[in-house]
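Peer 1: here is my input, please return the structure:
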Amino acid sequence: MTETAFVLWLTGLSGSGKTTVARLVAAQLERRGLRVERLDGDDIRKMFPGTGFSKADRDLHVRRVGHMASLLESKGICVVASLVSPYAESRRFVRGLCRRFFEVHVSTPLEVCEKRDVKGLYARARRGEVEDFTGVQAPYEPPRSPELTVDTSLLSPEQAAQLVLDGLKRRFPGAFA
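Peer 2: The predicted structure is shown next:
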């Protein structure tokens, strides 16, 4: 494995800004000439349509994506993963699979995430139409010691992406040489 590969894992509530920040970071990494693959939880769910939202289904989903991320990393590809990944144990499992792991907690408050909810999922969950929705009926276990925490209610997506890039440069300077 080359010393340029790493796994960037963005975790947070639905609507927190994970995917937006991930897209911006991935684009910057590609501009620097790095090989990058973006893994988004919603996109991967479309490939595995039977994946539900129970704790067991969410754990399996996170582990599946974590396994893919570790395989890509082992081939010298930088991975930018954005998943709710609500359970600490699943994230710990993924961290153990990856050689160079950088966790970002996108800690945007629930109220802000609900206001941003373009899909209407929070409203549907509050009406009981969606079960086991993280932040409403199901818990989100915030990371205890992520490499970085960003709150996109206080930062623009571009500012958050820059903080992530700065953190990656400090942690993995060889990737930015």
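
Peer 1: contacting residues for Val21?
Peer 2: Leu10, Ser82, Val104, Val106, Val150, Thr152, Pro157, Ala160, Ala161, Val164 (CB atoms under 8 Å, 6 or more residues apart in numbering). Backbone N, C-alpha and C define where each C-beta goes, glycine included.

Peer 1: surely the last one is in contact with Arg23?
Peer 2: Looking back up the chat, that one is Val164. No - between Val164 and Arg23 there is no contact under CB atoms under 8 Å: 11.6 Å.

Peer 1: quick one, which of the two is more surrounded?
Peer 2: Counting neighbours by other CB atoms under 10 Å for Val164 and for Arg23 shows that Val164 has the greater number, 24 against 16.

Peer 1: quick one: pLDDT of that one?
Peer 2: pLDDT recorded at Val164 is 98.

Peer 1: assign it to helix, strand or coil.
Peer 2: Assigned with DSSP: H, G, I helix; E, B strand; the rest coil, Val164 falls in the helix class.

Peer 1: where does pLDDT dip in the chain?
Peer 2: Residue ranges of the chain with pLDDT under 70: 1-2.

Peer 1: for it, what spans make up the helices?
Peer 2: 18-31, 41-47, 55-74, 88-97, 110-116, 121-126, 157-171 (DSSP state H).

Peer 1: hmm, back to that, which one of the contacts of Val21 is nearest Lys115?
Peer 2: Closest approach to Lys115 among the contacts of Val21 (CB to CB): Thr152, at 12.0 Å.

Peer 1: related to what we said a few turns ago, most packed of the helices of the chain?
Peer 2: helix 18-31 (a mean of 20; mean count of other CB atoms under 10 Å).

Peer 1: Glu147 is in contact with Glu103, correct?
Peer 2: Yes - assessed by CB under 8 Å, Glu103 is found in contact with Glu147 at 5.4 Å.

Peer 1: ok, these two, which is more surrounded?
Peer 2: Glu103 (22 against 17).

Peer 1: the more buried one and Gly66, how far apart?
Peer 2: Going from Glu103 to Gly66 by CB to CB, to the nearest Å gives 11 Å.

Peer 1: wait, what's in contact with Pro157?
Peer 2: Pro157 neighbours (CB under 8 Å, 6+ apart): Gly17, Thr20, Val21, Leu24.

Peer 1: scratch that, Ser16
Peer 2: If you count contacts by CB under 8 Å, 6+ apart, then Ser16 has Val106, Ser107, Thr108, Val112, Cys113, Thr152 around it.

Peer 1: residue farthest from the centroid of the chain?
Peer 2: Centroid-distance maximum for the chain: Arg127 at 26.8 Å, with CA atoms, centre = their mean.
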